[in-house]
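Visitor: sequence-free structure coming up:
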């Protein structure tokens, strides 16, 4: 009989290990923050557990790893989904971001962290504003996170006019703030929080700023995070300014390396993808956002080059199940091949694949002895999941984020009965409700076509 702190049983266990086995009647034994056993249920008397969580009617799998996101960006939900995304982003979101206060970003980050936990996401890689507030909330919530300050040297609100005037002092200030964040938070919360240097995008950072950011990341021993080739406008700007594609540009300024996470790669040439492959840079693929934009990245070509790839949510809808289904459907439509991407592969990309992108695959992403005890439980006793036969398609094609009832990070239960255990979700939602009318009014004044009600100029 072995003493353990927590024993988690499962009707179906998906460890995401070599061969991608599914184990009916499995269990996970946890001592402190590590897994000591993951496999078929052992005979009675094998464990002396301080606490046991029953697995009847539950699937257990690794927590989802979200390798590119903006946790506090939920303020812009519905604003770029159902009309011209470029216009909504440039005319509304970029113009409003600068007027959102620190206290607002803190509140948005708190609701966003609750959203992540409720969706079964246990690790995030975030680049946004007010990283220190997000880090404080992450520490309190129990999430695992890599976080970066958003660094750029243009006025984002002027991009709608095609104005790429550089403001070196602004870029330097944002980079210094990012460096200070790294120095304060990298390795915090017992190692649950790490930091990156977050250059916003290829077109919003000058070559000088990119080079300086690369040098600082190298000096600090941390990775980098950047949006790259995310839009036609960006790629056209880089081509006009530098005579090459955005990934070739990053290579030429010396930024690309194995410690760089590249989000999107939506508009790329073969030369761009070859530059990524040759550098060893990692790719964060966000399947939910691309169909809304009407352009899906060349994922088949990215995978053919063996570029390290993981799935992510980006912003707005933090539902890994929806993301996996978007990827499956998009790939099969792109290639005309129903076998272009499998459910096993989709789940691997949102767990082990995304962990690999963040260089955390030796610690998280699968359930096996020695790894961190980051796992989730999915309630199978739901009408839309029954009858449940246990295969990967049953989980990936039919489950929803709302089916996640338990999340465990570092061996601690941080979501129980579908509610965060360490965050005041009700208080945060109540505080947010008091601000919505003000945000609605600001969005409406900027020309949003997706706001109605009190505070909106068109509604009074």
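Guide: Sure, I can see it. The structure displayed is predicted, hence computed values, not measured ones.
Visitor: quick one, what contacts residue 401?
Guide: Contact analysis of residue 401 by CB atoms under 8 Å, 6 or more residues apart in numbering lists 118-120, 318-322. Every residue, glycine included, has its C-beta placed from N, CA and C.
Visitor: next, the distance between the ends of stretch 242-256.
Guide: Using CA to CA, to the nearest Å, the end-to-end distance of stretch 242-256 comes out at 16 Å.
Visitor: measure the closest residue to residue 326 other than its chain neighbours to residue 324 for me?
Guide: In space, and not counting its chain neighbours, residue 326 is closest to residue 287: 4.0 Å by CB to CB, 6 or more residues apart in numbering. Counting by CB to CB, to the nearest Å, the separation of residue 287 from residue 324 is 7 Å.
Visitor: list residues touching both of the two?
Guide: Common neighbours of residue 287 and residue 324 (CB under 8 Å, 6+ apart) are residue 311.
Visitor: show me the strands in the stretch 101-250 of the chain, by range?
Guide: Per DSSP state E, counting those that start in this stretch, the stretch 101-250 of the chain carries strands over the ranges 121-128, 144-151, 193-201, 224-228.
Visitor: deepest of those strands, which one?
Guide: When the strands of the stretch 101-250 of the chain are scored by mean count of other CB atoms under 10 Å, the highest mean neighbour count falls to strand 224-228 (a mean of 29).
Visitor: in its sheet, what does that strand sit against?
Guide: Strand pairing for strand 224-228, using DSSP bridges, gives strand 193-201 (parallel), strand 260-264 (parallel).
Visitor: and of those strands, who's closest to residue 185?
Guide: When the strands paired with strand 224-228 are compared for distance to residue 185 using CB to CB, the nearest one is strand 193-201, at 5.2 Å.
Visitor: sorry, back to before: which one of the strands paired with strand 224-228 lies closest to residue 373?
Guide: When the strands paired with strand 224-228 are compared by CB to CB, strand 193-201 sits nearest residue 373, at 17.3 Å.
Visitor: now the closest one: how far from the chain's centre is it?
Guide: Relative to its parent chain, strand 193-201 has a centroid offset of 13 Å by CA atoms, centre = their mean, to the nearest Å.
Visitor: how about residue 45: what's its closest non-neighbour residue?
Guide: Nearest residue to residue 45, sequence neighbours excluded (CB to CB, 6+ apart): residue 1, at 5.8 Å.
Visitor: what about the one you found, how many neighbours?
Guide: Applying other CB atoms under 10 Å, we find 8 residues neighbouring residue 1.
Visitor: Provide a list of residues in contact with it.
Guide: The contact partners of residue 1, taken as CB under 8 Å, 6+ apart, are 45-48.
Visitor: what of residue 431?
Guide: residue 107.
Visitor: on that earlier part again, redo the strands of the stretch 101-250 of the chain as JSON lines? Include mean pLDDT.
Guide: Compiled in JSON lines, the strands of the stretch 101-250 of the chain are given as follows (pLDDT from 0 to 100):
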{"stretch": "strand 121-128", "mean pLDDT": "98"}
{"stretch": "strand 144-151", "mean pLDDT": "99"}
{"stretch": "strand 193-201", "mean pLDDT": "98"}
{"stretch": "strand 224-228", "mean pLDDT": "98"}
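Visitor: looking at those, spot the one closest to residue 158.
Guide: If we rank the strands of the stretch 101-250 of the chain by CB to CB, the stretch that ends up nearest is strand 193-201, at 14.2 Å.
Visitor: what distance separates the start and the end of stretch 386-394?
Guide: Chord length of stretch 386-394, first to last residue, is 9 Å (CA to CA).
Visitor: now it: mean pLDDT?
Guide: For stretch 386-394, mean pLDDT is 98.
Visitor: then stretch 167-179?
Guide: Mean pLDDT, stretch 167-179: 98.
Visitor: ok, residues contacting that stretch?
Guide: When contacts are defined by CB under 8 Å, 6+ apart, stretch 167-179 is touched by residues 131, 148-155, 197-198, 205-206, 208-209, 212-213, 216, 220.
Visitor: report the buried residues of it.
Guide: Of the residues in stretch 167-179, those buried by neighbour count under the rule 16 or more other CB atoms under 10 Å are 171, 174-175, 177-179.
Visitor: and of the strands of the stretch 101-250 of the chain, who's closest to residue 395?
Guide: Of all the strands of the stretch 101-250 of the chain, strand 121-128 sits nearest to residue 395, with 15.9 Å by CB to CB.
Visitor: tell me the strands beside that closest one, with direction?
Guide: Sheet pairing here is set by DSSP bridges, and for strand 121-128 it gives strand 64-69 (parallel), strand 144-151 (parallel).
Visitor: CSV for the ones you listed, including distance to residue 187?
Guide: Shown next, in CSV, are the strands paired with strand 121-128 (distance: least, CB to CB, whole Å):
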stretch, distance to residue 187
strand 64-69, 19
strand 144-151, 11
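Visitor: who wins for proximity to residue 249 among these?
Guide: Across the strands paired with strand 121-128, closest to residue 249 is strand 144-151 (CB to CB), at 16.5 Å.
Visitor: which residues are contacting the closest one?
Guide: Applying CB under 8 Å, 6+ apart, the contact partners of strand 144-151 are 122-129, 131, 134-135, 138, 171, 174-175, 177-178, 181, 185, 192-200, 205, 209, 213, 223-225, 358, 364, 372, 374, 409-410.
Visitor: what of stretch 410-425?
Guide: Here stretch 410-425 makes contact (CB under 8 Å, 6+ apart) with 5-6, 30-34, 53, 110-111, 113-114, 117-118, 137, 140-144, 190, 192, 372-374, 376, 402, 404-408.
Visitor: just the buried ones from these?
Guide: Buried residues within the contacts of stretch 410-425, defined by neighbour count using 16+ other CB under 10 Å: 5-6, 30-31, 33-34, 53, 110-111, 113-114, 117-118, 137, 141-144, 192, 372-374, 376, 404-408.
Visitor: filter the residues you listed down to just the ones in helices.
Guide: Counting by DSSP state H, the part of these found in helices is 110-111, 113-114, 117-118, 137, 141.
Visitor: what's the most distant pair in these?
Guide: Pairwise distances across those (CB to CB) peak at 14.5 Å, for the pair 118 and 137.
Visitor: surely residue 442 meets residue 101?
Guide: No. Residue 442 sits out of contact with residue 101 when judged by CB atoms under 8 Å, with a separation of 11.7 Å.
Visitor: neighbour-wise, which of those two wins?
Guide: Per other CB under 10 Å, whichever of residue 442 and residue 101 has more neighbours is residue 442, with 19 against 9.
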